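1. Sequence plus predicted model, see below.
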Amino acid sequence: MTMLTLAAVLIIGTAACSKQAEQGPNSIANTTFMHLHGLGYSADGKRLFIPVHNGLQVYADGSWSEGPGEKHDYMGFTAVDDGFYSSGHPAPGSNYKNPLGLVKSTNDGKIISVLALEGEVDLHGMTAGYRSHTLYVANPEPNSKMKQAGLFYSEDEGKTWTNSLATGLQGQMTAIAAHPSDASIAAVGTTTGAYLSRDYGQSFTPVIPEQPVSALTFTDSGNVLVATSGPNASLLDFNIESKQPLAIQTPNKDTITYVVQNPANPKELVIATEPKDVYLSTDRGATWIQIADKGKTINRK
């Protein structure tokens, strides 16, 4: 399957937002979110961010709160060492064009800056290197920066983009992640497995073959956390040098939709699952606590 086809059938969050941002009451006021569009930590590891269709929910010190700023419908949300990159749709009444294109915030979403493609494209399939800030996107359609659909990367925050051939990928793309510091390394999850590239996405080799992948992310050390789905669903810590996977215990067999590691504490992991449950572990999966139940936030204090 070509990358053009992969981008056209990209299933990262495609059921989670519409072309127009929804109007109406803010569901976060009732500590319930309709959708869950990602996971990310602040650089100091003290705040967990969840984009939830109308802004950010923030978990810190056992309690939930609303993030600052306008309640944008963030998609392709990716936390980095100085803030976050995202795409998506502007909040109702916002002055930003719809879709947002590529935006960045360095103050937890209080203010966002448009970097590129405002009013042109919603990049659901997007990731960034935590320290390198190299962006990888599954571009869904031609636009002013990317003349065709497919896999692209940018090393200058979206000013210029290079098309990647993505040879070796098979199946429908479900997740994408960038190495924290090596700009040339990226991982992609599809309905047929997890794939790794060491040449800016020009070619990929399977690392977790013949298992559908629902989520993946790089750890700070450069390993890949891979969540597989189906009857043998598992969460694996894959060492890209030794090529050895290590199983991580999970609270149940629900499909994991997002996974993230705390950048300040490698033992702290958070997963979100298909029913919109969110779990946190401070001992790398030995034990888990639930912090959201079917989209309803749980205060642990």
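-> Thanks, I have it.
2. Can you pull up the most central residue in the chain?
-> Per CA atoms, centre = their mean, the C-alpha nearest to the average position across the chain is that of G38, at 4.8 Å.
3. Give me the pLDDT for it.
-> Looking at G38, its pLDDT is 97.
4. Tell me who's in contact with it.
-> Contacts here follow CB atoms under 8 Å, 6 or more residues apart in numbering; on that basis G38 touches 50-51, 74, 76-78, 258. Any C-beta I mention is one placed from the backbone N, CA and C, and that applies to glycine too.
5. again, but for I256
-> Counting by CB under 8 Å, 6+ apart, I256 touches 214-215, 227, 229, 233, 235, 250, 271-274.
6. Next, give phi and psi for the residue nearest to the centre of the chain.
-> phi 150, psi 180 (degrees, to the nearest 10).
7. Any stretches of the chain with poor pLDDT?
-> 1-30 (pLDDT under 70).
8. switch to 50 and redo it
-> For the chain, the stretches with pLDDT under 50 are 1-9, 13-16, 18-30.
9. would you list the contacts of G38 in TSV and tack on secondary structure, distance to L123 and neighbour count?
-> Formatted as TSV, the contacts of G38 follow (DSSP: H, G, I helix; E, B strand; the rest coil; distance: CB to CB, whole Å; neighbours: other CB atoms under 10 Å):
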residue	secondary structure	distance to L123	neighbour count
I50	strand	19	29
P51	strand	13	28
Y74	strand	11	31
G76	strand	5	27
F77	strand	10	23
T78	strand	10	27
Y258	strand	16	23
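10. tell me which element V260 is part of?
-> Using DSSP states H and E, V260 maps to strand 256-262.
11. and if you look at I176?
-> Secondary structure from DSSP H and E places I176 in strand 173-178.
12. could you check the distance from N223 over to T162?
-> Per CB to CB, to the nearest Å, N223 is found 26 Å from T162.
13. Comparing those two, which residue is more hemmed in?
-> Between N223 and T162, N223 has the larger neighbour count (other CB atoms under 10 Å), namely 21 against 13.
14. how about the more buried one, what does it touch?
-> Contact analysis of N223 by CB under 8 Å, 6+ apart lists 237-240.
15. with these in mind, which one is nearest to I298?
-> Taking CB to CB as the measure, I298 sits nearest to D237 out of the contacts of N223, at 26.3 Å.
16. mind checking the SS state of that closest one?
-> Under the three-state scheme (DSSP: H, G, I helix; E, B strand; the rest coil), D237 adopts strand.
17. From G119, how far off is P275?
-> Using CB to CB, P275 is found at 34 Å from G119.
18. oh sorry, the question was meant for A60
-> Per CB to CB, A60 is found 34 Å from G119.
19. next one: K276
-> 30 Å.
20. So between those two, which is more surrounded?
-> Each of K276 and G119 has its neighbours counted (other CB under 10 Å); K276 has more, 19 against 14.
21. Pull the contacting residues for the more buried one.
-> 33, 35-36, 292, 294-295.
22. one more time with 6 Å, if that's ok
-> Contacts for K276 (CB atoms under 6 Å, 6 or more residues apart in numbering) come out as 36, 294-295.
23. S65 now?
-> So S65 contacts V58 (CB under 6 Å, 6+ apart).
24. returning to what we had before: so which of the contacts of I256 comes closest to A91?
-> A272 (22.1 Å).
25. How many residues are close by that closest one?
-> 23.
26. My guess is it contacts Y258. True?
-> Yes: in terms of CB atoms under 6 Å, A272 counts as a neighbour of Y258; the distance is 4.4 Å.
27. Show me whatever sits in contact with both of these two.
-> L39.
28. What about E141, how many residues nearby?
-> 12.
29. If we ignore the residues flanking it in sequence, what's nearest it?
-> Excluding its sequence neighbours, the residue lying closest to E141 (CB to CB, 6 or more residues apart in numbering) is A149, at 5.7 Å.
30. what do you get for K46?
-> Closest to K46 by CB to CB, 6+ apart is A60, at 5.7 Å.
31. Can you work out which other helices and strands pack against the strand holding I176?
-> strand 126-128, strand 135-139, strand 186-190, strand 213-218 (3 or more CB pairs under 6 Å, 6 or more residues apart in numbering; DSSP states H and E).
32. ends of stretch 67-87, how far apart?
-> 17 Å (CA to CA, to the nearest Å).
33. wait, I meant stretch 66-85
-> 18 Å.
34. Off-centre distance for that stretch?
-> Counting by CA atoms, centre = their mean, to the nearest Å, stretch 66-85 is centred 11 Å from the centre of its parent chain.
35. Quick one: residues in contact with that stretch.
-> Under CB under 6 Å, 6+ apart, the answer for stretch 66-85 is 13, 17, 21, 28, 37-38, 40-41, 43, 51, 53-56, 58, 86-91, 94, 104-106, 108-110, 122-124, 126-128, 130-131, 133.
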